[in-house]
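Undergrad: what's the 3D shape of this:
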Amino acid sequence: MSQIQVLEFLGGTVPYILAAFFIVIVISRGLRIVPQSEKYVVERFGRLHSVLSPGINFIIPFLDVVKHRISVLERQLPTASQDAITKDNVLLQVETSVFYRITNPEKTVYRIRDVDAAIATTVAGIVRAEIGKMDLDEVQSNRSDLITTIKTSVEDAVDEWGIEVTRAEILDVNLDQATRDAMLQQLNAERARRAQVTEAEGQRRAVELAADADLYSAEQEAKARRIQADAEAYATQVVARAIQENGLEAARYQVALKQVEALNALGNGKGNHTVVVPAQALEAFGDAFRMLKGK
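TA: Numbers count the residues shown, from 1 in each chain. Next up is the predicted model:
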């Protein structure tokens with residue numbers, strides 16, 4: 001092939017090559033593949049035009065420009081520490097942590113410059129305001145409610161920035177040394193008071209139990225005496241009834257029976273001993289034996 005033919009060939013193919021190259025450039029600039037974790041903010045002539053979602057997207061080359069690539073992953077702000085004063089004038093140092101993610105990139109890009117700093121400042125102000133409404137005991141005991149209130153307040157404050165607060169945490173609440181010492185003294189005093197109350201209650205209970213025991217003993221003794229008195233009254237009634245029914249002879253018979261029983265008890269006593277009985281007693285015992293024999 002001669003040089004002239006080569007030049008003619010190149011002259012005929014160069015436009016096609018340039019056209020193909022231009023088409024490749026147009027496609028490469030018009031085709032945008034957005035990752036799942038990001039969104040692209042597109043501007044046209046310096047103004048917001050659209051937001052590209054994850055996947056394949058097409059824009060007009062040379063007119064539309066991807067100006068911002070925004071990550072929509074959840075983010076965590078660095079742990080922040082701020083001072084706050086409770087309602088009862090106790091100085092606290094509160095450590096907080098906030099998690100958030102960008103939901104509307106167009107708001108975040110065009111309404112706020114430093115997102116992290118803005119959220120941190122907002123959280124600090126809300127924490128101080130909420131703790132200022134509570135006493136120290138309420139802060140310690142109602143931490144979950146305080147976290148919920150802070151999260152809701154921060155969400156309302158950052159909504160116009162296209163941000164969603166997913167989580168807010170109070171990591172620690174620290175007291176100054178003077179307050180710690182005062183609380184320790186109060187705790188020791190409370191422990192001593194409880195110990196004294198417990199000891200006093202124990203002594204009172206011991207006295208109550210002793211009194212109950214004495215009362216029970218007295219009741220049982222009175223019950224025994226009542227039973228004995230009832231038995232003696234019953235025996236008296238029986239004797240009286242016998243006398244009424246059988247006359248004086250029955251009474252003499254009972255007396256003779258008692259005399260014999262007494263003599264028998266003397267004779268059955270333990271040990272070797274001599275019993276001296278007066279003559280009058282022997283006559284009475286003789287009468288008793290005769291009466292029993294007669295029966």
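
Undergrad: So what's the gap between stretch 212-221 and the chain middle?
TA: Here the centre of stretch 212-221 is set off from its chain's centre by 46 Å, with C-alpha atoms, centre = their mean, to the nearest Å.

Undergrad: Point out where the chain drops to low pLDDT.
TA: For the chain, applying pLDDT under 70 flags the ranges 1-12, 14, 16, 180, 183, 235-236, 238-240, 242-295.

Undergrad: could you redo the last one with a cut-off of 90?
TA: 1-32, 45-46, 58-65, 78-94, 112-113, 131-151, 155-160, 167-295 (pLDDT under 90).

Undergrad: Which secondary structure elements does the longest helix seen in it sit against?
TA: With secondary structure taken from DSSP state H, the chain has its longest helix at helix 177-246. Contacts defined by 3 or more C-beta pairs under 8 Å, 6 or more residues apart in numbering; DSSP states H and E place helix 177-246 against helix 248-267. (C-beta placed from N, C-alpha, C; glycine too.)

Undergrad: roughly how far apart are the most centrally placed residue in the chain and Thr96?
TA: In the chain, the centroid-proximal residue (C-alpha atoms, centre = their mean) is Ser141; its distance is 9.6 Å. With the distance defined as C-beta to C-beta, to the nearest Å, Ser141 ends up 18 Å from Thr96.

Undergrad: next one: Ala120
TA: 9 Å.

Undergrad: Could you check which of those two is surrounded by more residues?
TA: Thr96 (22 against 17; other C-beta atoms under 10 Å).

Undergrad: List the buried residues for the strand or helix carrying the more buried one?
TA: Element membership of Thr96, judged by DSSP states H and E, is strand 91-102. Neighbour-count burial for strand 91-102, counted by 16 or more other C-beta atoms under 10 Å, picks out 92, 94, 96, 98, 100, 102.

Undergrad: pretty sure the first one contacts Thr86?
TA: Yes: contact status for Leu92 versus Thr86: in contact at 6.4 Å, counting by C-beta atoms under 8 Å.

Undergrad: so what sits against both of those two?
TA: Contact with both Leu92 and Thr86 is made by residues 131, 136, 139, according to C-beta atoms under 8 Å, 6 or more residues apart in numbering.

Undergrad: So which of those residues wins on neighbours?
TA: Highest neighbour count within those: Ile131, with 25 neighbours (other C-beta under 10 Å).

Undergrad: what's the burial count for the nearest residue to it once chain neighbours are set aside?
TA: In space, and not counting its chain neighbours, Ile131 is closest to Ala84: 4.1 Å by C-beta to C-beta, 6 or more residues apart in numbering. Applying other C-beta under 10 Å, we find 19 residues neighbouring Ala84.

Undergrad: Same question for Thr152.
TA: So Thr152, with other C-beta under 10 Å, has 13 neighbours.

Undergrad: related to what we said a few turns ago, what's the distance between the residue nearest to Ile131 and Ala124?
TA: For Ala84, the distance to Ala124 - C-beta to C-beta - is 9 Å.

Undergrad: Glu38 now?
TA: From Glu38 across to Ala124, the span is 29 Å (C-beta to C-beta).
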